[in-house]
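Q: one predicted model, sequence on top.
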Amino acid sequence: MSLPFYVSPEQLMHDKREYALKGISRGRSSVVLEYADGVLLVAENPSASLSKLGEIYDRIGFAGVGRFSEFDQLRKLGIRYADVKGYSYSRDDVRAKALANSYSQAIGEVFTREMKPLEVEIVVAEVGDDKLAGHEQNAIYRVQFDGTISDHRGYCVIGGTVEQLQSYLQTNYKEGLPLGEALRLGKTALERAVNGDAKIGPQTLEVCVLERQRPGRKFRRLSADETRGMLGT
Amino acid sequence: MLFGSKYHGSSFSELLDTEFPYLRLERRLDSLAPNALAQSGLPIPHGTTVLALKYGAGVVVAGDRLATEGYRVASRDVQKVYATDDHSLIAIAGAAGPCIEMAKLLRVELEHYAKIEGEPLELEGKANKLSQMIRANLPAAMQGLVVVPIFAGYDPRRRTGRVWKYDITGGRYEEAEYDSSGSGSLYAKESLKKAWKPGATREEALRMAVQALMDAADEDRGTGGIDLKRGIFPTISVCGSEGVIAVAETEIGEIHRSLLETSRGAA
């Protein structure tokens, strides 16, 4: 009988980490920004039908980067989680924090137990509702391939190599931007990504908003025409 | 989270059946003897008269507000007309509890499908899904918890309003003109039969709906009329290409007054 190879846990985690990061950095990045009347989600996406952004619930949106099949599966799990919770309790009980925590646990579990980690990074964004006392604030959570969870104010970037985008937003992001300006800022930030195009046309931009003033389901996908009009191109 | 879930489809009710059966009413009834609930004589509120009719630009869906427990009033302002999404409505008649639950479930079902798949079901697909939900309710129906809704909406592909009626087995029948369900439905249908015409305007259609509900309330003790003292009006919604729009109570009150004047003038 041959002895199994010994691999130290450090080495194992390191390898998995490298593997996941490599997979994620192959894809293009996404940006989530708070603007005056809600939360804006922007992704560079050459495909018009394979979405990277999606609606989870009334006030919650989803953005994923990396391997499509994996983050799309996570998106669907999020919808199932949210709909069951909203059905068995109330619609206002469905919150981004609990959802992001569930994502974090599930993704972390895969990272430690499975041979292959998920090659994804996701954002769960929630827009506040002025009519619900205590729920007025927006919330943005990022969950990484190993389950690491972090919360963000103002903006959040996901993708393999996000340092340039992040530093760009750090200098240029302002609170209370109108939607058009926030969209232009998001687009210019994405153009700085290592893997992205230097000039992103409106047809390769996927744009969704969570609109604070909208009654009920606040998620809305912007059409290419609308995006074009807003960018003034 | 639902990692390792056995269910991977796009239907919310199937997800509940597979993963959360304790949330479904039918499963709770399994242990009851046949007809036990009906024989127990326990009061179960019932909703009474709802109707839907097609007009030129879409459909009008209306319902009275009364729920009864036998001869007693259970509630004077129950809601029986629900938007299930932007372009469809359900109007419920039967045992109030399971009825309202089914309307809620259908709404989540349609929203769930649209979110998972990235596009909504066709109107006919929605009507068919409701069929399956009513069929799943059959054990409850045998216990006396009957749900007989009307489903209506605007079909953007065919550019027309459409109306479906159902039976307790989930049988689904598309109606060309109008339908009504519940204890006062006979009288409402008689009324609509006389007034209905193809290509009616919104105003004409609303008058037909209010008149039909007034006629039903006049003849059927289980149907609530317009309660001016408490300010309780029927629920009425219209649905055309621009989606579901609830009709304001002031407008319903206006139509009611004008109908009363017309009938006084005729007498």
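A: Received it, and whenever you're ready, just let me know what you need. Residues are numbered from 1 along each chain as shown, chains lettered A, B, ... in the order given.
Q: mind listing what's buried in stretch A:16-32?
A: Neighbour-count burial for stretch A:16-32, counted by 16 or more other CB atoms under 10 Å in any protein chain shown, picks out A:16, A:20, A:21, A:23, A:24, A:25, A:27, A:28, A:29, A:30, A:31, A:32. C-beta: built from backbone N, CA, C; applies to glycine.
Q: and of those, the nearest to residue B:237?
A: Residue B:237 lies nearest to residue A:32 out of those, by CB to CB, at 35.8 Å.
Q: what count of nearby residues applies to the residue nearest to residue A:207 when sequence neighbours are not counted?
A: Closest residue in space to residue A:207, ignoring its immediate chain neighbours: residue A:222 at 4.3 Å, by CB to CB, 6 or more residues apart in numbering or on different chains. Per other CB atoms under 10 Å in any protein chain shown, the neighbour tally for residue A:222 reads 21.
Q: again with residue B:111
A: The number of residues near residue B:111, taken as other CB under 10 Å, comes to 21.
Q: which ones among the buried residues of stretch A:16-32 lie within strands?
A: The members of the buried residues of stretch A:16-32 that map onto strands under DSSP state E are A:30, A:31, A:32.
Q: just put the residues you listed in TSV and tack on distance to residue B:198 and pLDDT.
A: Below are those laid out as TSV (distance: CB to CB, whole Å; pLDDT from 0 to 100):
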residue	distance to residue B:198	pLDDT
A:30	51	95
A:31	53	96
A:32	51	98
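Q: next to chain B, which bits of chain A? Give me the list.
A: Counting by CB under 8 Å from any CB of the partner chain, the residues of chain A close to chain B are A:49, A:51, A:54-56, A:76-77, A:79-81, A:83-84, A:86-88, A:102-103, A:105-106, A:109-110, A:217.
Q: the bottom helix or strand of chain B by mean pLDDT?
A: Least confident helix or strand, chain B: helix B:25-28 with a mean of 71, by mean pLDDT, DSSP states H and E.
Q: state the phi and psi torsions of the closest residue to chain A within the stretch 151-267 of chain B.
A: Here the stretch 151-267 of chain B gets closest to chain A at one residue, residue B:244, 11.7 Å apart by CB to the nearest CB. Note on residue B:244: backbone dihedrals following degrees, to the nearest 10 are phi -80, psi 130.
Q: what are the C-alpha coordinates of stretch A:149-166, in PDB please?
A: C-alpha atoms of stretch A:149-166 as PDB (Å, rounded to 0.1, in the frame of the first residue of the first chain):
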ATOM      1  CA  ILE A 149     -17.300  38.700   4.100                       C
ATOM      2  CA  SER A 150     -16.900  42.500   4.200                       C
ATOM      3  CA  ASP A 151     -19.300  45.500   4.300                       C
ATOM      4  CA  HIS A 152     -18.800  48.600   2.300                       C
ATOM      5  CA  ARG A 153     -20.000  52.200   2.200                       C
ATOM      6  CA  GLY A 154     -20.300  54.200  -0.900                       C
ATOM      7  CA  TYR A 155     -18.900  51.700  -3.400                       C
ATOM      8  CA  CYS A 156     -17.600  48.200  -3.800                       C
ATOM      9  CA  VAL A 157     -15.600  46.500  -6.600                       C
ATOM     10  CA  ILE A 158     -15.400  42.900  -7.400                       C
ATOM     11  CA  GLY A 159     -13.100  41.100  -9.900                       C
ATOM     12  CA  GLY A 160      -9.700  39.500  -9.900                       C
ATOM     13  CA  THR A 161      -7.500  42.600  -9.900                       C
ATOM     14  CA  VAL A 162      -9.500  45.500  -8.400                       C
ATOM     15  CA  GLU A 163      -6.700  47.700  -6.900                       C
ATOM     16  CA  GLN A 164      -6.700  50.200  -9.800                       C
ATOM     17  CA  LEU A 165     -10.500  50.500  -9.800                       C
ATOM     18  CA  GLN A 166     -10.500  50.800  -6.100                       C
END
